[in-house]
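A.B. asks: Attaching a predicted model along with its sequence, questions to come.
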Amino acid sequence: MANAVQQILTDVPDYVERCHYLESLKNRLEALLSPHVVAAFSAQSLGMSATFAEAKTEVLSTRPRHYKARPT
């Protein structure tokens with residue numbers, strides 16, 4: 001189903017704008033989380049550090065789906 005949704009989205013006229021918007025949201029999320037990540041590592045909080053690392057891994061694993069080249 002995810003593949004079907006992606007194929008539909010790559011055909012929308014504003015696909016590039018949506019990709020840019022998604023990138024800006026990712027940047028905002030990183031900016032919001034950055035102080036908390038630094039605090040977790042500074043406090044040597046293994047639980048919080050692992051939570052942030054897992055979230056980052058999940059975001060990076062889904063990223064290629066959103067940035068797939070537009071079919072020609």
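C.D. replies: Thanks, I have the structure now. Residues are numbered from 1 along each chain as shown.

A.B. asks: gap between residue 58 and residue 42?
C.D. replies: Going from residue 58 to residue 42 by C-beta to C-beta, to the nearest Å gives 23 Å. All C-beta atoms are positioned from the backbone trio N, CA, C, and that covers glycine.

A.B. asks: now residue 24
C.D. replies: According to C-beta to C-beta, residue 24 and residue 42 sit 28 Å apart.

A.B. asks: Next, count neighbours for residue 11.
C.D. replies: Residues lying near residue 11 (other C-beta atoms under 10 Å) number 10.

A.B. asks: Need the phi and psi values for it.
C.D. replies: When read as degrees, to the nearest 10, the backbone of residue 11 gives phi -90, psi 0.

A.B. asks: now do residue 12
C.D. replies: The phi/psi pair for residue 12 (degrees, to the nearest 10) reads phi -70, psi 150.

A.B. asks: No more questions from me, cheers.
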